[in-house]
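> give me coordinates for this.
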Amino acid sequence: MAQHFEDISIDDILSVAKREHEAHSRFVQVLCINGEAGIDLVYSYQKTADQDYAVHNYRVHGVKPETHIPSVTKFYLVAFPFENEAHDLFGVQVDDIAIDFKGGFYKVAMDKPMTVISPAQKAAREKAAKLAAAKAAKAAKAAQEAASKAKAAAGEGIQAAPAIDWEAERAKVEAKCANLDADKAAKVMAAFEAKMKKAQAEAAKAADVKPAVDWEAERAKVEAKCANLPEDKAAKVMAAFEAKVRAVQGDASAKGGE
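Numbering: from 1, shown residues only. Coordinates of the predicted model:
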């Protein structure tokens with residue numbers, strides 16, 4: 001029996017249920033998983049015999065306690081036990097369940113018992129959060145230093161819009177992607193990189209200046225390259241690089257004084 005997985009949003013839950021119902025698919029289950037970003041829901045439907053009874057699983061990631069999701073019982077009444085269970089054991093807010101036990105489907109000793117995590121899990125999550133915060137702070141500091149260098153290179157007195165801290169933004173996206181599967185994480189990161197490049201290009205065009213070059217970093221690259229060259233050739237390469245630096249910086253200074 002083939003299994004297929006697809007990520008969907010909360011807004012897609014009803015349209016998927018309707019499509020599967022119209023295709024005469026059988027409702028299998030709603031599976032809840034307690035993840036770091038919230039509750040992951042997996043809606044499973046089994047296709048008909050002409051499709052080899054394949055099971056299609058639709059995943060909704062990171063449902064928060066305050067988030068409301070629609071019931072699929074308008075299409076599949078048999079889903080009501082799963083949706084009541086999602087509410088009673090995981091705290092998922094499901095609206096308009098056809099047969100709603102309103103928190104009384106299970107008699108439990110505590111609220112949302114399936115969201116309880118072990119001390120080890122809690123410590124691991126806190127450590128991950130601290131590492132992400134430290135990485136973001138480091139990225140923010142690096143971005144601030146880079147912005148200061150860019151301002152100095154472009155000349156004083158130029159009024160510009162506040163620069164976006166792209167390293168900090170990347171850290172946030174990477175933290176979000178840690179809770180996604182590999183395919184979706186790759187798509188999210190690709191979209192972020194495309195957005196960043198577009199914004200940087202537009203900012204450079206609006207300012208009508210070229211992005212500042214980190215000459216120290218460039219020098220380090222050239223020196224590393226020269227380490228594998230004969231001494232005389234390395235000297236020529238370094239001399240050419242230094243000449244290029246002087247020419248570019250001289251040109252920038254001339255434009256700044258205009």
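
> only C-alpha atoms for contact and neighbour calcs from this point on.
Will do.

> right, and the helix or strand after the helix or strand hosting residue 139?
If you go by DSSP states H and E, residue 139 is part of helix 119-154. Per DSSP H and E, the first helix or strand lying C-terminal to helix 119-154 is helix 166-177.

> give me the next element, helix or strand, following that following helix.
Assigned by DSSP H and E, the successor of helix 166-177 is helix 182-207.

> hang on, the earlier thing: okay, buried residues for the helix holding residue 139 please.
132-133, 135-136, 139-140, 143, 147, 150-151, 153-154 (16 or more other Cα atoms under 10 Å).

> go on, stretch 100-115?
In stretch 100-115, counting by 16+ other Cα under 10 Å, buried: 100-101, 112.

> and the buried residues of helix 119-154, which is closest to residue 185?
residue 132 (16.7 Å; Cα to Cα).

> that closest one touches residue 171, doesn't it?
Yes: counting by Cα atoms under 8 Å, residue 132 touches residue 171, with 7.1 Å between them.

> got a list of what the spatially closest residue to residue 113 that is not a sequence neighbour touches?
Once flanking residues are discounted, residue 113 sits nearest to residue 89: 5.5 Å by Cα to Cα, 6 or more residues apart in numbering. Taking Cα atoms under 8 Å, 6 or more residues apart in numbering as the criterion, residue 89 is in contact with 106, 111-115.

> quick one: which two of these are the most distant?
So, the contacts of residue 89 by Cα to Cα: farthest apart are 106 and 115, at 15.1 Å.

> and the contacts of stretch 91-99?
Contacts of stretch 91-99 (Cα under 8 Å, 6+ apart): 39, 63-74, 77, 80, 83-84, 86-87, 111-112.

> mind checking which of those are in helices?
80, 83-84, 86-87 (DSSP state H).

> which of the residues you listed tops the neighbour count?
residue 83 (28 neighbours; other Cα atoms under 10 Å).

> tell me if I'm right that that one and residue 32 touch.
No: contact criterion Cα under 8 Å: residue 83 and residue 32 do not qualify, at 9.7 Å.

> quick one on the thing from earlier: of the contacts of stretch 91-99, which belong to strands?
Among those, the ones falling in strands (DSSP state E) are 39, 63, 68-70.

> so which bits of stretch 216-229 are buried?
Applying 16+ other Cα under 10 Å to stretch 216-229 flags 223, 226 as buried.

> using PDB, write out every CA atom in that stretch.
What follows is stretch 216-229, C-alpha atoms only, in PDB (Å, rounded to 0.1, in the frame of the first residue of the first chain):
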ATOM      1  CA  GLU A 216      40.200  42.700   4.700                       C
ATOM      2  CA  ALA A 217      38.200  39.600   3.800                       C
ATOM      3  CA  GLU A 218      39.200  39.900   0.200                       C
ATOM      4  CA  ARG A 219      42.900  40.300   1.200                       C
ATOM      5  CA  ALA A 220      42.600  37.200   3.400                       C
ATOM      6  CA  LYS A 221      41.300  35.200   0.400                       C
ATOM      7  CA  VAL A 222      44.100  36.400  -1.900                       C
ATOM      8  CA  GLU A 223      46.700  35.600   0.800                       C
ATOM      9  CA  ALA A 224      45.300  32.100   1.100                       C
ATOM     10  CA  LYS A 225      45.500  31.700  -2.600                       C
ATOM     11  CA  CYS A 226      49.100  33.000  -2.700                       C
ATOM     12  CA  ALA A 227      50.200  30.500  -0.100                       C
ATOM     13  CA  ASN A 228      50.200  27.800  -2.800                       C
ATOM     14  CA  LEU A 229      52.100  29.900  -5.400                       C
END
